[in-house]
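J.: I'd like to go over a predicted model; first the sequence, then the structure.
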Amino acid sequence: MKYIKTYIQENKNRFIDELIDLLKIPSISADPKYKMDVLNCADSVASSLASAGAENIEICKTKGYPIVYADKIIDDTLPTVLVYGHYDVQPADPLELWDSGPFEPIIKKTKIHPEGAIFARGACDDKGQFFMHVKAFELMMDNNTLPCNIKFMIEGEEEVGSENLGEFVVANKEKLKCDTILISDTGIISNNTPSITTGLKGLSYIEVEVTGPNRDLHSGLYGGAVANPINILCEMIASMKDEKNHISIPGFYNNVIELSSQEREEIARAPFSLNEYKEALDLSDIHGEQGFTTMERTGIRPTLDVNGIWGGYTGEGAKTVIPSKAFAKISMRLVPNQSDEEITNLFTKYFTNIAPKSVKVKVTPHHGGEPYVSPTDIISYKAASDAMLTTFGKTPVPVKAGGSIPIVALFEQELNVKSILLGFGLDSDAIHSPNEHYGIFNYLKGIETIPHFFLNFTKMFNSK
C-alpha cells in the first residue's frame, strides 16, 4: 500500500493547514453567543466533504445545531461504513491558562510529540480526529481505491449531550443504514502502544441548587443562626462518598457487574506506569475507590465527580455574606448494566433526602447516556486491529475507557450495528482543558490507518 504513505507525504502540509483552518472556528455548542460560528463550522465540514469527493451532502436541520450528512455509494452490493464525529467543541475557559489563543492554532514540539502538536480547542476532541476520516476518504478517492460504500454523519451537539441526534437517527434509519460504524473520538495508550477502545462509560449529568435565606445576608449579623447554602452543599457532596471512596447513594451499585480475577488480569496487562501517570499530572499520590487500580477506576468502575461549584461572592477583595444560593454540576460515569435514568433518579432521591430542613433543594438533570461495550470477535474489530498492526507494527491492546459518547449505545439500539472506536488521541492531549493539542504524528497516523481498515473490512465482509 505504498500509495497511502506517498499521498500523505505529498499532501502533509496541506492536511495540516486545512485542519488548522477548521480549528480557527470557535464552534462552542454550549454557549449561544457562538451560534453563528457553530453554523459556519457545519458549512466548513460540508465543504471539506465535497472537496474530498463525497456526494448527497446535506446540512440537516435539527431543533438545535445541524448534522452534516454525506456519502459515496459505489455499489449497493458492497458493505457500508458509517463514519461518525462531531464538529462542536468544549468552552475554552479558563482562558488565562492557555499559553496561546484557543482558536489561534499553533504547532509546538513537546517531549511526547517531537514531530510537533497542534494546540487549539478541538484539536483532538474531535476536529482533528473526525477530519482524519475526511482526508483518508480523499486519499482513497484520489487513488481510486475506496473499496466499499461510505457515509458520514458529523454532528454539532456532542459536547452538550447530542440532544437532537437520537431523534435524527430514529427518523433516518434508511439513510443511515450500514454494516458498521467507525468513530475516532477516543485514544491510544501511547504512540508506541496502539490500542482500541472496547468499552465506554455511560453518563448522568446533573445540576443542583441549594437555597437558604431569601437574599444574601450579613455574615456577622446572621452567621451561626441561618444555614449557609455553600456549607450545606459541601457537606451534602462530602456525604456521597465514604472513607473508602465508595459512592454512598443507596442502590448505586446494584447492577454493577463485578469482573472476574481473569478479566482484571487482562486489564493489568495493558502497559501503564503509575510513576509516569503521577508525574504527568504533578501528583504526589493517586486517589480513588479502595481495592481497585488506577486503570480499573477509570475503566470499569462507576464514578461521581463535582465538575463545578459556585455561590456567594467570588470577586476581588472581601465581601462578608451568607449567600442565598449555592450550585454545583455533578457527573456520574456509569458502567455496563447501569442505566442513566435509574442513576439520575437514585441521585435525586438521595440528594433531596439528605438535605436539612434549613434549606431547599432543586435537582435538574441535564444530559445522559448508556454505557457501551464492543466485542473483539467481530470482523470490524479484526479489521481495525489488523489496520493498526500494519501501520504501527504492533497488535493493538483492547482497553475500556472512562469517557462517554452517549449516542453510541443508541446507534446499536436503532441501527442494529456495532461501533468501532478507532481513536488516536493521547491522555496527555488535554481535551476539555486549557492547551488542548493533537500530535502531528497521531493525525497523520490516523489518515494512514483508516484506508487499511476499509480494505480489511471489505475483504472480511465479502468472505464471511
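T.: It's in.

J.: quick check: closest non-adjacent residue to residue 139.
T.: In space, residue 139 comes closest to residue 7 once its chain neighbours are excluded; the distance is 5.0 Å by C-beta to C-beta, 6 or more residues apart in numbering. The way it works is simple: take the backbone N, C-alpha and C, and place the C-beta from them, glycine included.

J.: and that neighbour, what is it in contact with?
T.: 139, 142-143 (C-beta atoms under 8 Å, 6 or more residues apart in numbering).

J.: pLDDT and neighbour count for these - can I get that in TSV?
T.: Listed next are those as TSV, based on pLDDT from 0 to 100; neighbours: other C-beta atoms under 10 Å:
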residue	pLDDT	neighbour count
139	98	23
142	97	14
143	97	14
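
J.: picking up where we left off before, list the buried residues for the helix or strand hosting the residue nearest to residue 139?
T.: In this assignment (DSSP states H and E), residue 7 forms part of helix 2-23. If you call a residue buried by 16 or more other C-beta atoms under 10 Å, then helix 2-23 has these buried ones: 4, 7-8, 11, 15-16, 18-20, 22-23.

J.: give the next helix or strand downstream of that helix.
T.: helix 35-52.

J.: longest single helix anywhere in this protein?
T.: helix 440-463 (DSSP state H).

J.: got the CA coordinates for that one in CSV?
T.: Taking C-alpha atoms only, helix 440-463 is exported to CSV below (Å, rounded to 0.1, in the frame of the first residue of the first chain):
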residue,chain,number,x,y,z
ILE,A,440,1.0,15.6,14.0
PHE,A,441,2.2,12.0,14.3
ASN,A,442,-1.3,10.9,15.5
TYR,A,443,-3.2,12.9,12.9
LEU,A,444,-1.2,11.5,10.0
LYS,A,445,-1.1,8.0,11.5
GLY,A,446,-4.9,8.1,11.6
ILE,A,447,-5.1,9.1,8.0
GLU,A,448,-2.7,6.3,7.2
THR,A,449,-4.6,3.6,9.2
ILE,A,450,-8.2,4.4,8.1
PRO,A,451,-7.8,3.2,4.5
HIS,A,452,-6.4,-0.1,5.8
PHE,A,453,-9.5,-0.5,7.9
PHE,A,454,-11.7,0.0,4.9
LEU,A,455,-9.7,-2.5,2.8
ASN,A,456,-9.7,-5.1,5.6
PHE,A,457,-13.3,-4.7,6.5
THR,A,458,-14.5,-5.1,2.9
LYS,A,459,-12.4,-8.2,2.3
MET,A,460,-13.5,-9.8,5.5
PHE,A,461,-17.2,-8.9,5.0
ASN,A,462,-17.2,-10.3,1.5
SER,A,463,-15.6,-13.6,2.6
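
J.: just want the angle from that helix to helix 2-23.
T.: For helix 440-463 against helix 2-23, the angle by axes from the mean of the first three to the mean of the last three C-alpha atoms, to 10 degrees is 120 degrees.

J.: list the buried ones in stretch 395-403?
T.: 396-403.
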